Structure formats: C-alpha cells, structure tokens
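In: Next one to model:
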Amino acid sequence: MSAPESTYEEWELKRVAQPSTAVTDLINSTVELTTRNLRSVSVVDRLSIRSRGLIDNKWDESKQRVLHFSIDCDQKYDTTKELPKLKASEEWPQLSTTDLETGFADCVEDNGLITDYEAYRELKWQSFHRALKDNDLIDKYKPQFVSFGGPVAEIMATVFDTSNNWKVSAQLTSGVIYFYKTRSERQQNPYSVGNASRRTYCGLNFLHLITDREDIKMNEFHKFFGINCVTLDSHKLLTLNEIDAIDDNERPVDLKLVEESRSLRDDSYFEKKKSLRFWSKAWLQGMDEVVMATISHNVLMDIDSKKVPELAEMGSRYWSSDQCIHFLIRFLSFMKTCITDENMIYDFSFRRGDDSVECIKQPLNDSNAILPNSCTQESNVKDLETILDASLKISD
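Out: Residues are numbered from 1 along each chain as shown. Next up is the predicted model:
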C-alpha cells in the first residue's frame, strides 16, 4: 500500500487504525473458540442449600493427620522439619500490649510477605500432589476426594453463611475426585502498603510470639502443612491444611486475630459469622482448640483459648454444627452423582443470595485442567499408558 504524498498524515492515521490481518484472524478465532466453548457447557444438576425434614446426626466421622511438610522462605519443600509448638498458656500474659505492627516495614523491604496469592496457591497445590505421590498416599488411604481444606470448610458453612460467592472446579482421575477452589484476589484492608497487608503481618508476628519459632525468619512464605485423612459417613477425603502450631498432644491449634468488641453488634457478628468460620476449619482438621488474640489498632490486648465445641455453642443462636456437617455429606454425595466422565471438567458454584449450588460441565482441555503435570508421571493412581490411552491431558 502506497500513500498519496499530499495526504500522508491522513493515510498514516487510517493505516495505524486499521487492524492487521493477523489481529483480525486472532479476534475471529477467539470469538469462534469462545462461542464453541459456551455451546459445550451444560448444566448437570443443582443441590438445594436447605434440607427437608429432620437431620439424622448418627454419621461416622474420623480425622487423622497422615503427613506434614513445610515450604520455607526460598519456597523449598521439606518433610523433615518439626511442627512448631504452642507456648504454655502461663507465658501468654507477658505478650499483652505488644504492638504487632513492629517490624512491618523491614518485612516488606525483605519481601517477606506474599503478594501474589494465586502463584503461592499454585505452589501449595503442586507441593500437595508431590507429597501424595512421593508417599503413595492415594494407594494407602484410597480417598474418593482430594482437596485443600479451606474450600471444604467454606462449603460446609454455606448452609448458614450465604454472603460469599464461591466456585470449585473438579476433575475425575482413576476414581478420585480432585477439586480446587477458584477465587478472586484477596481483598486488602486500608492498612496496607501495595499488596502487603499490615493485618497479615500482625498475624505473622503473633504466630512467632506464641510459638517456638524464634529460629525461623519472619517470613510469610515459611509455612507448615498437614495432610489429613477425613472419613465422614460414606465419604473419604485427603485434605491439605496449614498448621499454625501443635499442642502438647500433637494436635493442631489454629491461631486467630480478633478485633476488640466495641458493641453488642460486634458480639453478634462474632457469634453469627466468625465463630462459624473458626469452627468449620477447626472441626475439619480435628482440632481441640482455637487460640484467639484480641487486638485494638493492631496492639495485642488479650489471648484466650476456646475449645472447638465451645465455638459451636457460642454460635448456636445462629447456626448448627450438625446441619453444617449434614450439608457437607450431601454436597460430597452430589459431587459423586454429577462427576462421571474423566474427559470433562465440572464446576460447582454458589452465588450470593441463591438457594442452591449449580453444577456445570465442559470438555477437559489444557486451559481448564486442575491437576499438575506430575500426576501423569509415574502416577500412583493410574499408569501413564492408561492415561494416554484415555487421552487425558493434564496441564500445569
């Protein structure tokens, strides 16, 4: 294309504004692919949040920690480090009036706080599968489900807390359902520098003050994880959970920061929302207690411990632990009913204000697979040749 000399500027503007053939082809192919994908998505079924009739709470349940590992400041996987221990309650009072923000700027400067949570979540997922594979945990415990513990706890709380949207994607491989939560970026509080949250740092500081972590550098990347085998009614799960500390009986203990209550409304919010979230996570991990630090403007005021049944009692005006567990049993049964094809990916989603969980399915491909590549290499649930024969492609 040549430009008339007298109208070069006008021609140049038109030339720049005109998309190239390559760009046009890319746009057309993207639209075509999106349209084709939408056509291939279909609704499988819906599960009502509310159950009808009386709840039979005579289900069998057990939780057992079968392995633990750590990821250190350099993001290295290690199964040899001991879990941090909770300090004796007699030492807690001397921590009062501690300003938990102390050292925040230095930690940010040393890149000691996680800012890319999606990347770190993927690192945890990869490490989880490495632990499953290296220790033959699928063969040993024969789970029907594999997941992070957080999504499981959130799902079971949905029957009473419908304020959050959530979605989990599930993939069937050799009779095992792996599911993985799709979430938006973590919301930042007003006291933040970029993506480095002061509240996150305060929680990290408290973690070091109340455990025997003195020899561990103050760094959010350094975490400990436990793999639990959870049996609930006819379901068996292997879940991955962060471990803040263990008590004298080697049981995990959850550590929480709680804002000082200033009104009856604050008390009501704790009983209705916070106690439910704390209980669901603690129950799933088989904890005995949750240790809560009361803070005001990020200054530590008091430390208290609550037994897990006490949390359920605190919230009994607003929610029922039995109904939460019953809904989880129903949800896991629902997943088993919906998920039947290894060549499909299944999305289970709940939208704020809805009265049901929706399941949709679409063909499995490299862009939506949730299992890491390591699952196809000397897999402990199905040999590589069988996977290739089934044309199951698993992406990072």
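In: give me the low-pLDDT residue ranges for the stretch 51-200 of the chain?
Out: By pLDDT under 70, the low-scoring segments of the stretch 51-200 of the chain are 53-54, 56, 183-196.
In: Tell me which stretches of it form strands.
Out: Per DSSP state E, counting those that start in this stretch, the stretch 51-200 of the chain carries strands over the ranges 61-71, 77-78, 145-148, 166-173, 176-182, 192-193, 196-197.
In: Distance to residue 315 and mean neighbour count added to these, as TSV?
Out: (Each C-beta comes from the backbone N, C-alpha and C, glycine too.) TSV is the format used below for these (distance: least, Cβ to Cβ, whole Å; neighbours: other Cβ atoms under 10 Å):
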stretch	distance to residue 315	mean neighbour count
strand 61-71	20	16
strand 77-78	37	13
strand 145-148	24	22
strand 166-173	20	20
strand 176-182	23	19
strand 192-193	30	14
strand 196-197	26	22
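In: Flag the shaky bits of the stretch 201-350 of the chain, pLDDT-wise.
Out: By pLDDT under 70, the stretch 201-350 of the chain has no low-scoring segment.
In: what are the ranges of the strands in it?
Out: Per DSSP E, counting those that start in this stretch, the stretch 201-350 of the chain carries strands over the ranges 223-232, 235-242, 245-246, 252-259, 289-296, 299-307, 344-350.
In: buried ones in stretch 319-331?
Out: Of the residues in stretch 319-331, those buried by neighbour count under the rule 16 or more other Cβ atoms under 10 Å are 319, 320, 321, 323, 324, 325, 326, 327, 328, 329, 330, 331.
In: Save these as a markdown table, and put in distance to residue 116 too.
Out: What follows is the buried residues of stretch 319-331, written out as a markdown table (distance: Cβ to Cβ, whole Å):
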| residue | distance to residue 116 |
| --- | --- |
| 319 | 34 |
| 320 | 38 |
| 321 | 35 |
| 323 | 37 |
| 324 | 32 |
| 325 | 34 |
| 326 | 37 |
| 327 | 33 |
| 328 | 30 |
| 329 | 35 |
| 330 | 35 |
| 331 | 30 |
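In: returning to what we had before: which one of the strands of the stretch 51-200 of the chain lies closest to residue 343?
Out: Counting by Cβ to Cβ, residue 343 lies closest to strand 166-173 out of the strands of the stretch 51-200 of the chain; the figure is 9.1 Å.
In: any idea of the angle that closest one forms with strand 344-350?
Out: Interaxial angle, strand 166-173 versus strand 344-350 (axes from the mean of the first three to the mean of the last three Cα atoms, to 10 degrees): 160 degrees.
In: Could you tell me which strands sit next to strand 166-173 in the sheet, and their orientation?
Out: Strands flanking strand 166-173 in the sheet, each with its direction: strand 176-182 (antiparallel), strand 344-350 (antiparallel) (DSSP bridges).
In: separation between residue 204 and residue 326?
Out: With the distance defined as Cβ to Cβ, to the nearest Å, residue 204 ends up 36 Å from residue 326.
In: Dump the strands of the stretch 51-200 of the chain into TSV; add distance to residue 290 as well.
Out: Supplementary listing: the strands of the stretch 51-200 of the chain in TSV, determined by distance: least, Cβ to Cβ, whole Å:
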stretch	distance to residue 290
strand 61-71	15
strand 77-78	27
strand 145-148	19
strand 166-173	22
strand 176-182	22
strand 192-193	25
strand 196-197	21
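In: Show me the one of the ones you listed that comes nearest residue 357.
Out: Judging these by Cβ to Cβ, what sits closest to residue 357 is strand 166-173, at 9.1 Å.
In: ok, and what's touching that closest one?
Out: Defining contact as Cβ atoms under 8 Å, 6 or more residues apart in numbering, one finds that strand 166-173 is touched by 147, 151, 154-155, 158, 177-183, 335, 339-342, 344-350, 364, 368-371, 375, 381-382, 392.
In: Repeat that for stretch 279-292.
Out: With Cβ under 8 Å, 6+ apart, stretch 279-292 has contacts from 63-65, 86, 149-150, 152-154, 156-157, 210, 226, 228, 230, 239, 241, 247, 249, 251-258, 278, 303-308, 311-312, 315, 321, 324-325.
In: Make a ChimeraX selection of whichever of those turn out to be buried.
Out: What follows is the ChimeraX syntax for the buried subset of those, where burial is set by 16+ other Cβ under 10 Å:
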select :63,65,86,149,150,152,153,154,156,157,210,226,228,230,239,241,247,252,253,254,255,256,257,258,278,303,306,308,311,312,315,321,324,325
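In: what about the closest residue in space to residue 344 that isn't next to it in sequence, helix or strand, and which?
Out: Taking Cβ to Cβ, 6 or more residues apart in numbering, and ignoring the residues beside it in sequence, residue 344 has residue 361 as its nearest neighbour in space, at 4.6 Å. Using DSSP states H and E, residue 361 falls within strand 356-363.
In: Flag every buried residue along stretch 98-113.
Out: Along stretch 98-113, the positions that meet the burial threshold by neighbour count (16+ other Cβ under 10 Å) are 98, 100, 101, 103, 104, 107, 108, 112, 113.
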